[in-house]
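Visitor: Kindly generate the corresponding structure for this input.
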Amino acid sequence: MMQVLEVREFEKIIEANEKNQNLKRFDKQYQCLDKKTFHKFLEFIHEFEQKEENSDILNFITIGYKKALGQTITFKNYVGLIQLKKNVQIQILPKIAFLKEEKDETKKVFLKMLRSMKDFSGKTAANANLNPENMNLYEIFINLYIQEVRRLVKNGIKSSYLNQEENLNVYKGKLLVNEHLKQNIVHKERFYVVFDEYQANCPQNRLIKSTLLKLQQLTGSAQNSKEIRQLLVSFELVEPSKNYEKDFSKVVIDRTTKCYEVLLKWSKVFLKNKSFSMFSGTESARALLFPMEKVFEAYVAKNLKKRLNQAGWDVSIQDKGYYLFDTLNGEKYQKFALRPDLVITRPDESIIILDTKWKSLINNKKANYGISQADMYQMYAYAKKYQASEVWLLYPMNEEMRNTEPILFDSGDGVRVSVFLVDVAQIEESLEKLFLAFASK
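Guide: Prediction:
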């Protein structure tokens, strides 16, 4: 049976013992793992820390020490799941604030946020018949993959021309003279030829079949298993991939194969234990983690762009229009690119700059509400270079900041930076308030 430990960002995982076994009842920031699993988890972290490609692991997993509790493990700014072994899974969910009268639907909101990312097919994710609060994250991701394959099958699996070499009784294609002489000295009726054949057994379909076969072994959901069996019928004429690297390298995403793009990203995740972060997995342990900074940015951008386009306002995401410096010693030398998350142009041509930050602010004016100095320097540079009439910093709403007064910083030389708290659980209503704030100025 799968042991699932569900934690939120910034909660601490500790080793369970007699002293702290009831700690969770009194302090929600702690989660306990049995001694054996806790030390397996520490080994897992240290193992990946030593690999060059995972060298940034301690940027989002912190190993600390607390008196009377021992070593602690904390996740920050990355969410998703880590499977340590076949029956132990750690699910890390984002810290989302809900109103007291609202039901905690963190998984549902998190999936809604993920739909905004280019690594997900929004249509498939939106149509998936899921009850996320009753499923673990890995089964949810498996189900989303299944729905994407189902959509592909419904629209028709693509075939490709594949290079074939065969010794045939009919002549077609091009005769391979050397092989023909070797093979057919006795059999004059045969031809050793090379030819192109249009068939479904192409690299992208082989990779999808291999993914389905692997997920069939991994899933613990009867529904997922049933749907995979149904889909495999459509891939009967396709062989499983014998060399993942080779097949991935052969796939070219163009107009005819665009429908495979998202599927193959996820096939890479499942087949090669890759992740959407710098942190990957091994054959014995899998990690599927998402950077919340990017998830929050994509979520806000998608929803705000939709609202502003309705009003006829222009929106540029991750704008690349300016550099901090344009010359060096009098010569053109554009360096230090500026990349605001959103650049909005009103109908009157005035510009608004928005930047999103996945960080919990604190209701403490003396501490600048927890806003970093570096972020403010960044906003000041944006305002000057873009000659923006307004600059906004967007942070996720939290309980401490829910009823605070508006926050507006003024430099005294024309730069004004406003802070807006986005309620991710009620994104449409929250961004409507932001739009009204834009429109009132």
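
Visitor: Okay, the residue positioned nearest the centre of the chain and residue 263: tell me how far apart.
Guide: Central residue of the chain (Cα atoms, centre = their mean): residue 290, 4.4 Å from the mean position. Distance, residue 290 to residue 263, using Cβ to Cβ, to the nearest Å: 18 Å. No exception for glycine: its C-beta is placed from N, CA and C like everyone else's.

Visitor: same thing with residue 89?
Guide: 24 Å.

Visitor: same question, residue 383
Guide: From residue 383 to residue 263 the distance is 42 Å (Cβ to Cβ).

Visitor: repeat for residue 420
Guide: For residue 420 relative to residue 263 (Cβ to Cβ), the value is 36 Å.

Visitor: One more: residue 330?
Guide: 52 Å.

Visitor: Looking at those two, which is more packed in?
Guide: residue 263 (20 against 6; other Cβ atoms under 10 Å).

Visitor: Regarding the more buried one, what is its secondary structure?
Guide: Classification of residue 263 using DSSP: H, G, I helix; E, B strand; the rest coil returns helix.

Visitor: Give the closest residue to it in space, chain neighbours not counted.
Guide: residue 148 (5.4 Å; Cβ to Cβ, 6 or more residues apart in numbering).

Visitor: which other helices and strands contact the helix or strand harbouring the one you found?
Guide: Using DSSP states H and E, residue 148 maps to helix 137-155. Applying 3 or more Cβ pairs under 8 Å, 6 or more residues apart in numbering; DSSP states H and E, one finds that helix 137-155 contacts strand 78-85, helix 106-114, helix 122-127, helix 203-218, helix 222-232, helix 261-272, strand 286-291.

Visitor: Okay, now the unreliable bits of the stretch 1-150 of the chain?
Guide: 1-2, 18-28, 48-59, 85-86, 101, 120-134 (pLDDT under 70).

Visitor: buried set for the helix or strand harbouring residue 45?
Guide: Assigned by DSSP H and E, residue 45 falls within helix 35-49. For helix 35-49, burial by neighbour count (16 or more other Cβ atoms under 10 Å) applies to 37, 38, 41, 44, 45, 48.

Visitor: Which pLDDT value belongs to residue 367?
Guide: Residue 367 carries a pLDDT score of 95 in this model.

Visitor: Point out where the stretch 251-400 of the chain drops to low pLDDT.
Guide: Using pLDDT under 70, the flagged stretches of the stretch 251-400 of the chain are 273-286.

Visitor: what are the ranges of the strands in it?
Guide: Taking DSSP state E, counting those that start in this stretch, the strands of the stretch 251-400 of the chain run over residues 286-291, 314-317, 322-328, 331-338, 342-345, 351-356, 390-396.

Visitor: Identify whichever of the ones you listed lies nearest to residue 428.
Guide: Proximity to residue 428 (Cβ to Cβ) singles out strand 390-396 among these, at 15.0 Å.

Visitor: Okay, now the sheet partners of the closest one, with direction.
Guide: In the sheet containing strand 390-396, its partner strands are strand 351-356 (parallel), strand 416-422 (parallel), by DSSP bridges.

Visitor: what comes into contact with stretch 241-258?
Guide: Identification of contacts with stretch 241-258 by Cβ atoms under 8 Å, 6 or more residues apart in numbering yields 158, 203-204, 206-207, 209-210, 260-261, 264, 268, 271-272.

Visitor: for stretch 305-314, same thing?
Guide: Contacts for stretch 305-314 (Cβ under 8 Å, 6+ apart): 315, 317, 342, 344, 345, 346, 347, 428, 431, 432, 435, 439.
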